[in-house]
Every structure is written in structure tokens, then in C-alpha cells.
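Asks: A structural model of the following input is requested.
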Amino acid sequence: MQNWINNHFNTLNQLLLNTSVTDLSGQTKTLAFGFETYINAVKSIRKNKNKLIFIGNGGSAGIASHMATDYSKNGHMPSTTFSDASVLTCLSNDYGYEFVFSKQIEYHAKQNDVLIAISSSGRSKNILNAVTAARTAGCQVMTFSGFQAKNPLSLMGDVNFFVDSNEYGFVEVGHLALIHSMLDHIIADEMPAKQSQKEKTLEMA
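Replies: Numbering: from 1, shown residues only. Alright, predicted model coming up:
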């Protein structure tokens, strides 16, 4: 059992460290470049009074909901996910499930919002349609995918993160770890400034 545990977590560690990053032109970038570009994009929504939009299906929907909550509460960045059951069933009934996210983006997205599209396969039609709708609305796009390299989603984002595994567990946990780690970096980076401001407030009291 210990060998299996060691192998499992060593594999996850290597997959994360070897995450493939590309830009919209398809050029390969470093993981550090991906982190910096993503972090700058999501932080920009504060000064521009925009929002983050997280989308995904199944396990990726769980990641989207979790991250929308954490980025709002802990990152102080307005964030949402389009997973309300009434809306999903309405739009899938009227337009087809492949349009459940793109229609909501048409309704709610505005220029300079940031779409974070999560799909293990990178082939889900509703996710791909959502990215197209986000582009039309003038949003920035960050993608997270896995399974096969050069999947459709991995070619559509301003920055694309690809976890090179065919196993849902590794891909989904990898996506959650990547997105959460970038939020953790933002929080840690801003902590000294907040602490300094708190100390100044106490000194003036």
C-alpha cells in the first residue's frame, strides 16, 4: 500500500510541475509565465470593476463552484459560476445542453471579464461554445484541460494549462490545485500590504 501511495502522489506532483502552458498563438510557455499571466488577468478585474466566470461540467463544475466561492470570499474578486439548476434545465430544454453556458455568457458577460473554462477532455461542446461567446463579449479566457494534447479547448485561451494525464482523478485534482495555488499566491503576495495598513491603523488609534 505504501508503494502505491508514494507512486500516486509522486505522479501527481510530477504532472503538476510538468503542466504544459501555451498562449493563444500556440506557443509553449513556462509554468511561471502561465502563473504570472493568469494572476495579472484575474487581479485586473478589481480595478476594471469586472468579474471572474468559472465554468465546467461534472467534477469540473464542482471545481468551478469551489473556486468561484474562494476567489470571491478569500481573494476579494467578484466571481460567479453558471450552474443554477433552474437556468441549466431551462436553457438545455430550450436551446440544447451545448449552449447552457454560452447563453448565460451572452446575458451576463461584459468586456474585460475573465472566463476560466475547465474541461478534463477539452472537448465538451458547451465549454467550447462558451469560450466563443466570451470572445465575442470581449472577455479574457483562461483554459484548463487534460487527456489529449492539442485538444480544442487548449488552443482557445489567452493562456492554456494542460495536465498530461488520461485519468480523471489526476486531471481534476491537478486543475483544482493549479487554480487554488494561484489564488494562494495572490493572497500571500497581498498579505504584507494588508498587514502594514492594519499596523498603521492601530498606530493612529
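Asks: okay, Met191: pLDDT?
Replies: You'll see Met191 listed with a pLDDT of 80.
Asks: do the same with Leu202
Replies: The model's pLDDT for Leu202 equals 49.
Asks: Using the three-state scheme, assign His76.
Replies: coil (DSSP: H, G, I helix; E, B strand; the rest coil).
Asks: Just give the nearest non-adjacent residue to it, would you?
Replies: Sequence neighbours aside, Arg46 is the residue nearest to His76 in space, at 7.4 Å (criterion: C-beta to C-beta, 6 or more residues apart in numbering). In short, each C-beta sits where N, CA and C put it, glycine included.
Asks: got it, and Ser83?
Replies: In space, Ser83 is closest to Ala61, 5.4 Å off (C-beta to C-beta, 6+ apart).
Asks: From the rest of the structure, what touches the helix or strand where that neighbour lies?
Replies: Ala61 belongs to helix 59-73 when assigned by DSSP states H and E. Applying C-beta atoms under 8 Å, 6 or more residues apart in numbering, the contact partners of helix 59-73 are 42, 52, 54-56, 77-81, 83, 116, 118-120, 168, 172, 175-176, 179-180, 183.
Asks: if I pick the residue nearest the centre of the chain, what's in contact with it?
Replies: Residue closest to the average C-alpha location in the chain (C-alpha atoms, centre = their mean): Ile116, at 3.7 Å. Residues in contact with Ile116 (C-beta under 8 Å, 6+ apart) are Leu52, Ile53, Phe54, Ile55, Ala64, Met67, Met142, Thr143, Phe144, Ile179.
Asks: For the chain, which segments are assigned as strands?
Replies: Along the chain, the segments classed as strands by DSSP state E run 20-23, 28-29, 52-55, 79-81, 114-118, 140-146, 159-163.
Asks: Check which helices and strands the longest one sits against.
Replies: The reference is to strand 140-146. helix 31-48, strand 114-118, helix 125-137, strand 159-163, helix 168-204 (3 or more C-beta pairs under 8 Å, 6 or more residues apart in numbering; DSSP states H and E).
Asks: Point out the most buried one among those.
Replies: strand 114-118 (a mean of 28; mean count of other C-beta atoms under 10 Å).
Asks: Name every strand pairing with that one and say which way it goes.
Replies: strand 52-55 (parallel), strand 140-146 (parallel) (DSSP bridges).
Asks: bridging residues for Gly146?
Replies: Bridge pairing for Gly146 (DSSP bridges) gives the partners Val163.
Asks: and it, how many residues sit next to it?
Replies: Using other C-beta atoms under 10 Å, Gly146 has 29 neighbouring residues.
Asks: next one: the one 5 residues further on
Replies: The local packing count at Asn151 equals 21, with neighbours defined by other C-beta under 10 Å.
Asks: and the gap between it and Val42?
Replies: The gap separating Asn151 from Val42 is 23 Å, by C-beta to C-beta, to the nearest Å.
Asks: Same check on Ile55?
Replies: When Ile55 is compared with Val42 (using C-beta to C-beta), they lie 15 Å apart.
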